[in-house]
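In: when you get a sec, could you give me coordinates for this:
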Amino acid sequence: MIRVAIIEDNNSLRQALKCLLELSTDFSCVGEYDACQPITEFTPDTLPDVILMDVDLPGENGIACTRRFKDMYPFLNILILTVIETGDRIMEAINAGASGYLLKSASPEQIMDSIRVVYKGGSPLTPSIARKIIHNIQEQENAKSKNKIQLNKREIEVLNGLVQGLSYKMIGDKYFISIDTVRSYIRSIYEKMEVHSRSEAIVKALKDRLV
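Out: All right, here's what the predicted structure looks like:
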């Protein structure tokens with residue numbers, strides 16, 4: 001028997017979810033609440049396996065409540081059930097410890113199946129939510145790529161020479177370029193790396209694994 005608690009401020013929906021659970025032979029509704037704020041802790045009789053959690057709640061919102069409950073009960077499975085589908089709120093809920101994220105447009109069967117999946121250790125997501133998560137991750141990776149220092153092949157070679165402790169002349173001899181050309185590359189390297197000295201460039205090069 002999967003013990004489920006419902007935190008939902010819409011009374012009609014909360015009662016419908018409760019009835020849905022009670023009609024099933026593998027679920028038990030151990031609590032229904034219209035807000036998170038009054039809940040300080042669960043008793044042994046009301047401790048759920050899975051919480052159906054709304055986001056837009058009076059007082060403490062569902063994401064903050066999720067974070068608090070996960071701090072108190074790390075083993076709790078919290079399944080977000082909401083109308084909110086903005087990318088930042090989705091990621092915020094997942095980072096807070098939510099095990100899954102469903103929209104309220106999901107069918108009763110999808111909600112029941114998702115509770116079972118969460119209980120077994122899975123992370124159910126409404127397809128449109130999964131797409132938003134993927135898009136969010138891709139945007140973050142693109143931002144990282146844009147912020148990464150972009151040096152061309154010769155600049156990397158010259159920077160590597162600096163890291164090795166070579167003089168400008170030694171770098172020029174090694175790569176068959178003039179000292180003036182070495183200086184030109186170094187100015188470009190400093191500008192791209194936003195540094196003002198050889199030591200700063202070496203530290204940043206090693207830290208960012210540019211060479």
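In: the protein - how does it break down into domains?
Out: Residue ranges for the domains of the chain, per automatic domain parsing: 2-143, 153-207.
In: rounded mean pLDDT for the shortest one, please.
Out: For domain 153-207, the per-residue pLDDT values average out at 89.
In: and it, how far out from the chain's middle?
Out: Between the centre of domain 153-207 and the centre of its chain there are 37 Å (C-alpha atoms, centre = their mean, to the nearest Å).
In: ok, now stretch 114-124?
Out: On C-alpha atoms, centre = their mean, the centre of stretch 114-124 falls 19 Å from the chain's centre.
In: quick one: buried residues of it?
Out: For stretch 114-124, burial by neighbour count (16 or more other C-beta atoms under 10 Å) applies to 114, 115, 117, 118, 119, 124. No exception for glycine: its C-beta is placed from N, CA and C like everyone else's.
In: which pair of the residues you listed spans the longest distance?
Out: By the measure C-beta to C-beta, 119 and 124 form the most distant pair in the buried residues of stretch 114-124, at 10.5 Å.
In: sorry, back to before: out of the buried residues of stretch 114-124, the closest to residue 132 would be?
Out: Proximity of those to residue 132 (C-beta to C-beta) peaks at residue 124, which lies at 14.6 Å.
In: my read: that closest one touches residue 118, true?
Out: Yes - using C-beta atoms under 8 Å as the test, residue 124 is close enough to residue 118 to be in contact (6.3 Å).
In: overlap in contacts, these two.
Out: Common contacts of residue 124 and residue 118 (C-beta atoms under 8 Å, 6 or more residues apart in numbering): 79, 100.
In: which one is residue 188 nearest to, not counting chain neighbours?
Out: residue 155 (6.2 Å; C-beta to C-beta, 6 or more residues apart in numbering).
In: so which strand or helix has that neighbour?
Out: helix 153-163 (DSSP states H and E).
In: pull the CA atoms of that helix into PDB?
Out: In PDB, the C-alpha atoms belonging to helix 153-163 read as follows (Å, rounded to 0.1, in the frame of the first residue of the first chain):
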ATOM      1  CA  LYS A 153      45.600  27.500 -32.000                       C
ATOM      2  CA  ARG A 154      48.600  29.800 -32.100                       C
ATOM      3  CA  GLU A 155      47.400  31.700 -29.000                       C
ATOM      4  CA  ILE A 156      47.200  28.400 -27.100                       C
ATOM      5  CA  GLU A 157      50.700  27.600 -28.200                       C
ATOM      6  CA  VAL A 158      52.000  30.900 -27.000                       C
ATOM      7  CA  LEU A 159      50.100  30.600 -23.700                       C
ATOM      8  CA  ASN A 160      51.500  27.200 -23.200                       C
ATOM      9  CA  GLY A 161      55.000  28.700 -23.700                       C
ATOM     10  CA  LEU A 162      54.200  31.200 -20.900                       C
ATOM     11  CA  VAL A 163      53.100  28.500 -18.600                       C
END
